[in-house]
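Engineer: Return atomic coordinates for the entry below.
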Amino acid sequence: METEYLANKIGDFIVYLKKEKNYSSHTLRNYQSDLEHFFEYLKEQGTQMFDKNSVSQYISFLMKYGLDARSAARKLSALKTFFKILKRLGLIDKNPIIGIRTPKQKKHLPGFLSYEQIRQAFDIANVRDRAIMELLYSCGLRASELVGLNLEDIDFNREEVRVRGKGRKERIVPLGRLARQAIIKYLTERSQQIKSSNPPALFLNYRGGRLTTRSLQRIVHKYLIRLASASGTNPHVLRHTFATHLLENGADLRAVQELLGHASLSTVQIYTHLTVKRLKDIYKRTHPRAE
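Structural biologist: Numbers count the residues shown, from 1 in each chain. You can find the predicted model right below:
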């Protein structure tokens, strides 16, 4: 299989992910960057014909020169998805990299915030930004899910939010009271911001366009960096906090899975490790015979 032919199919792959999978522009850029880096490596190596060994050597090269296992696994995942889609589209006869193992990664627990940190961050935010963070925390949304919300996705009467997740899968998430109040307050400000047409996006930037994931990251970072740099300052930490607080207060693991929009229960089980660890810490600090 010629490497030049494969490299020229990156565009078809990106178009497919955009149209059929509804991936965010940020995710699409990451896929494109990872694939272009791989084929640039093959070009520098003088590799004209592609085979499974090409990928194995590439991953070994990355890790030899300092890339951690997590990042290498992401690049390998991009390649696996690339060849899987090319085969599905009929652009190649067979997937040439089936069977390549993902580099072993160290398990890490996601960072999360205390409720007091959440309260402090929300109290110092302006009207729009507070509504954004209240919704991230209240509903456990991904960054791409939040920026993709339209006005029609918020049902104040039923206190629900319609969310479009990965692969355009829709789910309905309950809307908490404080998030509901914050959004209503923001909508009053939003109506004063727009001049003529009413854009469909729920959250707008200061030019009246839909908020981007990059802008969302900057917004959340601005408030959380003062309080929680060790736990993380990106929008995803609010999603982790949502799941952690639910489980710590007795929520069922499968219910949290549904709320997060995860297809597999195993993806959510990392949170049980987190809550068990915290319970052990509390036990050791408070039980008179723990030590």
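Engineer: is it true that Gly140 touches Leu259?
Structural biologist: Yes. When contacts are counted by Cβ atoms under 8 Å, Gly140 is listed as touching Leu259 (5.6 Å). (Glycine included, C-beta is placed from N, CA and C.)
Engineer: shared neighbours, those two?
Structural biologist: With contacts defined as Cβ atoms under 8 Å, 6 or more residues apart in numbering, the residues shared by Gly140 and Leu259 are Val173, Phe242, Ala243.
Engineer: which one is the first one nearest to, not counting chain neighbours?
Structural biologist: Spelled out, it's Val173. Nearest non-adjacent residue to Val173, counting by Cβ to Cβ, 6 or more residues apart in numbering: Cys139, 4.4 Å away.
Engineer: residues contacting that neighbour?
Structural biologist: By Cβ under 8 Å, 6+ apart, the residues touching Cys139 are Val161, Val163, Val173, Pro174, Leu175, Gly176, Ala179, Phe242, Leu259.
Engineer: With distance to Met63 added, can I get the residues you listed in CSV?
Structural biologist: Output for the contacts of Cys139, formatted as CSV (distance: Cβ to Cβ, whole Å):
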residue, distance to Met63
Val161, 41
Val163, 36
Val173, 39
Pro174, 43
Leu175, 44
Gly176, 43
Ala179, 42
Phe242, 33
Leu259, 36
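Engineer: ok, now how distant is the closest residue to Asp34 other than its chain neighbours from Glu36?
Structural biologist: Computed as Cβ to Cβ, 6+ apart, the closest residue to Asp34 that is not its neighbour in sequence is Ala78, at 4.0 Å. When Cβ to Cβ, to the nearest Å is applied, the distance between Ala78 and Glu36 equals 10 Å.
Engineer: Give me the more crowded residue out of the two.
Structural biologist: Taking other Cβ atoms under 10 Å, Ala78 and Glu36 do not tie; Ala78 has more neighbours (18 against 12).
Engineer: Wait, the more buried one touches Asn30, no?
Structural biologist: Yes. Using Cβ under 8 Å, Ala78 and Asn30 qualify as a contacting pair, with a distance of 7.4 Å.
Engineer: from the chain's centre, how far out does the host helix or strand of Leu259 sit?
Structural biologist: Taking DSSP states H and E as the definition, one finds Leu259 inside helix 253-260. The chain centre lies 16 Å from the centre of helix 253-260; the measure is Cα atoms, centre = their mean, to the nearest Å.
Engineer: buried sites along it?
Structural biologist: Using 16 or more other Cβ atoms under 10 Å as the test for burial, helix 253-260 gives Val256, Gln257, Leu259, Leu260.
Engineer: Alpha carbons of it, as CSV, please.
Structural biologist: The C-alpha trace of helix 253-260 is given here as CSV (Å, rounded to 0.1, in the frame of the first residue of the first chain):
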residue,chain,number,x,y,z
LEU,A,253,-22.9,4.2,38.8
ARG,A,254,-25.2,3.3,35.9
ALA,A,255,-27.2,6.5,36.4
VAL,A,256,-23.9,8.5,36.3
GLN,A,257,-23.0,6.6,33.1
GLU,A,258,-26.2,7.7,31.5
LEU,A,259,-25.9,11.3,32.6
LEU,A,260,-22.3,11.5,31.2
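Engineer: Who are the contact partners of the residue nearest to Asp34?
Structural biologist: Ala78 makes contacts with Asn30, Tyr31, Asp34, Leu35, Phe38, as judged by Cβ under 8 Å, 6+ apart.
Engineer: Show me these that map onto helices.
Structural biologist: Judged by DSSP state H, helices contain the following of the contacts of Ala78: Asn30, Tyr31, Asp34, Leu35, Phe38.
Engineer: so the fourth one touches Lys80, yeah?
Structural biologist: Right, the one you point to is Leu35. No. Assessed by Cβ under 8 Å, Leu35 is found out of contact with Lys80, at 11.3 Å.
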